[in-house]
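Novice: What would the 3D arrangement of this be:
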Amino acid sequence: MKPLFFLLFFLISTIAFSQTKLLSWNLENFGKSKSEETINYIAKSLKEYDIIAIQEVVAGFGGAQAVARLANELNRKGMKWDYVISDPTSSSAYKAERYAFIWKTSKLKKIGKAWLEKKYHLKIDREPYFCTFQYENKQFTVANFHAITKNKQPETEIKYFKFLPEEYPMLNLIFAGDFNCPQSHTVFNPLKKMGYQSILVDQKTSLKQECKNDKCLASEFDNMYFKTLKINTIDSGVIPFYKNFNSLKQARVISDHIPIWFEFSLN
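Specialist: Okay, here's the model as predicted:
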């Protein structure tokens, strides 16, 4: 029995060690308006994950500095983190934002430079921000994205995502972010036909203005899409951080979205 026990222990340990935990969070208006107390709260929420994809970083002064403040706060919590921030997206100045990635350097290595999508940047208001990471000699690329608002019909730009796997045939893509559109929408069907799958189904991720009958979430906006042939799902979910606050008004100081996360291994 002992050899079998040690074999099982080894296999379980290997699986546990071989997983990556990716978190995506639309941190509404992430910039100088976020206090040190808020930054510290966000860092505490993120510290158990390996890669953080952030949307809605302020394009002007304060946005990049807020990401640096968050990375510094994470560094004070016991692990070494690095970060990269996009240039402002190519949409008009009013809509322009930045994206950011923060990751644990002991777990992951960034490969090459991160980049904003070039081919479809005129078709997509806030074009996705790509970054490739290596874990145990295997690579994957996260496409960080924030769609236009629901009333502006985000499906009119999400439809171009079906061309991205062909544009980057050598990359193992994970699309992550705030799509302002539920995974059930037909605009995602082409990706699904290619073998992509969402990590969340029927999961609302944006906050209401106030809870009604203990229902505090409004819409199915945030998600991730990955290719099932290349990536194995271990677990996924959301962090309902608003439950730590006395009201949604207090919670919305942090953000009007909850974080979503994906724990996976690479084939």
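Novice: Need the per-residue pLDDT for residue 9.
Specialist: On pLDDT, residue 9 comes in at 49.
Novice: Return the list of helices and strands in contact with the host helix or strand of residue 82.
Specialist: In this assignment (DSSP states H and E), residue 82 forms part of strand 81-85. Contact analysis of strand 81-85 by 3 or more CB pairs under 8 Å, 6 or more residues apart in numbering; DSSP states H and E lists helix 63-75, strand 97-104, strand 109-116 as its packing neighbours. Using the backbone N, CA and C atoms, a C-beta is placed for each residue, glycine as well.
Novice: so which of the ones you listed is the most packed in?
Specialist: Mean neighbour counts were compared across the helices and strands packed on strand 81-85 using mean count of other CB atoms under 10 Å; the top stretch is strand 97-104, at a mean of 24.
Novice: Sort out which residues of stretch 256-267 are buried, please.
Specialist: 256, 257, 258, 259, 260, 261, 262, 263, 264, 265, 266 (16 or more other CB atoms under 10 Å).
Novice: Could you export the helices and strands packed on strand 81-85 as TSV, including mean pLDDT and distance to residue 38?
Specialist: Shown next, in TSV, are those (pLDDT from 0 to 100; distance: least, CB to CB, whole Å):
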stretch	mean pLDDT	distance to residue 38
helix 63-75	98	9
strand 97-104	98	16
strand 109-116	98	25
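Novice: In JSON lines, list those along with distance to residue 195.
Specialist: Formatted as JSON lines, those follow (distance: least, CB to CB, whole Å):
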{"stretch": "helix 63-75", "distance to residue 195": "33"}
{"stretch": "strand 97-104", "distance to residue 195": "25"}
{"stretch": "strand 109-116", "distance to residue 195": "23"}
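Novice: Tell me which of the ones you listed sits nearest to residue 23.
Specialist: When those are compared by CB to CB, strand 97-104 sits nearest residue 23, at 9.5 Å.
Novice: Run through who's touching the closest one.
Specialist: Contact with strand 97-104 is made by 46, 50-59, 63-64, 67, 70-71, 74, 79-89, 110, 114, 126, 128-129, 131, 133, 142, 144-146, as judged by CB atoms under 8 Å, 6 or more residues apart in numbering.
Novice: now stretch 171-180: mean pLDDT?
Specialist: For stretch 171-180, mean pLDDT rounds to 98.
Novice: Give me the distance between the two termini of it.
Specialist: Using CA to CA, to the nearest Å, the span of stretch 171-180 from its first residue to its last is 25 Å.
Novice: distance between it and the chain's centre?
Specialist: Averaging C-alpha positions (CA atoms, centre = their mean, to the nearest Å) puts stretch 171-180 7 Å from its chain's average.
Novice: Give me the number of neighbouring residues for the closest residue to residue 220 other than its chain neighbours.
Specialist: Nearest residue to residue 220, sequence neighbours excluded (CB to CB, 6 or more residues apart in numbering): residue 182, at 3.8 Å. Burial of residue 182 is recorded as 20 neighbouring residues (other CB atoms under 10 Å).
Novice: who touches residue 182 in this structure?
Specialist: 219, 220, 221.
Novice: Show me which of those is closest to residue 120.
Specialist: Distance to residue 120 across the contacts of residue 182 (CB to CB) is lowest for residue 221, with 20.7 Å.
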